[in-house]
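Participant: Have a look; sequence and predicted model below, questions after that.
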Amino acid sequence: MKDRVFSGARPTGRQHIGNYLGAIQNYVGLQEDYQCIYCIVDIHALTTLEATEGLQENIHEMMLDWLAAGLDPERSILFVQSHVPQVMELHTLLSMVTPLGWLTRVATFKEKARTQPHNINYGLVGYPVLMTADIVLYKAGIVPVGEDQLPHLELAREIVRRFNYIFGDTFPEPEAKLTTTPLVLGLDGVKKMSKSLNNEIELAASAEETRERVMSAFTDPARRYRSDPGHPEVCNVWRLHHFFNPDQIDEIADECRDARRGCVECKEQLAEGINLALAPFRNRRAELVARPQYVKEVIADGAHRAHAIAIETLTEVKERMGLI
Ligand code: TYM
């Protein structure tokens, strides 16, 4: 049997180039050699959402992006977390072997407690336990993620080790698999690209929207005038050129260093590169938008296939824990 790959992502709607370069690209490539399971984690989303009206639409938009980016429902299982509710049972069972101290120490928990002091809910504390349940319900050994998820993966490994120690070898220890771009910075050039920070470039944006977003990007802060020499190594626009204009990367750096090119032209060229690279994706996406029923079928079929594996694992876990 092929090794299993699992990854999840919150239903943030349309995906950005950080999601793509940091994770989705890896999801697509792994389909060649592994049995892959990719999940839109709607329950995780509830830990931070106060309004949930847009949730179904976000799930749909995100699945459109995944399909257009090359996730193949014939080869991989693509599904929505809450459609396979066994994960919540496993979450509760794993919570019994997870010391609370491990969870309250997690940096993302502390960060959330700081940013949403009015809503430090129980689900936030258990977030990494639910993530662990996601992965081990399918006995996945490989987890493609961006760098920000590494602390969660480390915790998942600890929970697995503890479970296996107490109840006998049940789960493989999941290993993170990073892309070559595990952290993509946003248009501010400082923080990770993220919808919540409004510093993202959406994959599905139109060519003109993309251009407008790119033109708002921060460049080398030391370069105030067109005639000032630039420092490409500190400039996020230059970093992005690596993916979208890889053949010209040295030329761009040289021209920036001796002020032969200005930031405006540099950004124009980046926008063109992005639009060119994403044109096939955008065409495929437009075709899928016209087939909403197909997307629903993919999601239903994914849940059906995921459910079969989930039931098997959960039964084994209950036996091991003495519940059956
Ligand atoms: P989420 O929804 O924040 O992000 C989805 C994936 O995209 C990656 N990513 C990035 N990579 C590089 N640069 C960026 N700017 C960037 N922004 C996002 C993330 O690292 C992630 O791989 N907790 C997870 C979801 C989850 C999960 C799981 C992941 C739930 N259960 C089980 C793996 C296994 C999250 O919130 O990802």
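Facilitator: Arrived safely, thanks for sending. Computed from a prediction, not measured in an experiment: that's the story for all the values here.
Participant: For Leu103, which non-adjacent residue is closest in space?
Facilitator: Among residues not flanking Leu103 along the chain, Val125 sits closest, at 5.0 Å (Cβ to Cβ, 6 or more residues apart in numbering). Bear in mind the C-beta positions are built from the backbone N, C-alpha and C, glycine included.
Participant: Using the three-state scheme, assign Val143.
Facilitator: Secondary structure state of Val143, per DSSP: H, G, I helix; E, B strand; the rest coil, is strand.
Participant: for it, which residues make a bridge with it?
Facilitator: Ala176 (DSSP bridges).
Participant: And the residue nearest to Leu103, how close does it get to Phe109?
Facilitator: According to Cβ to Cβ, to the nearest Å, Val125 stands 6 Å off from Phe109.
Participant: for Ser95, same thing?
Facilitator: Counting by Cβ to Cβ - Ser95 and Phe109 are separated by 14 Å.
Participant: likewise Ile299?
Facilitator: In terms of Cβ to Cβ, Ile299 sits 30 Å off from Phe109.
Participant: Just the buried positions in the lowest-mean-pLDDT helix or strand in the chain, please.
Facilitator: Within the chain, confidence by mean pLDDT, DSSP states H and E is lowest for helix 107-115 among all helices and strands, at a mean of 93. By 16 or more other Cβ atoms under 10 Å, the buried positions in helix 107-115 come out as 109, 112.
Participant: That one and the ligand in contact?
Facilitator: No: figure legend: helix 107-115 not in contact with the ligand (Cβ under 6 Å from any ligand atom); closest approach 8.2 Å.
Participant: What helices and strands are in contact with that helix?
Facilitator: Secondary-structure packing of helix 107-115 (3 or more Cβ pairs under 8 Å, 6 or more residues apart in numbering; DSSP states H and E): helix 122-137, helix 150-167.
Participant: which one of these is the most hemmed in?
Facilitator: Among these, helix 122-137 has the highest mean neighbour count (mean count of other Cβ atoms under 10 Å), at a mean of 23.
Participant: Could you list the domains of this protein?
Facilitator: As given by automatic domain parsing, the domain ranges for the chain are 4-184+292-320, 207-286.
Participant: For the stretch 1-150 of the chain, list the residues in contact with the ligand, please.
Facilitator: So far as Cβ under 6 Å from any ligand atom goes, the stretch 1-150 of the chain lies against the ligand at 6-10, 18-19, 22-23, 41, 44, 131, 134-135, 143, 145-146, 148-149.
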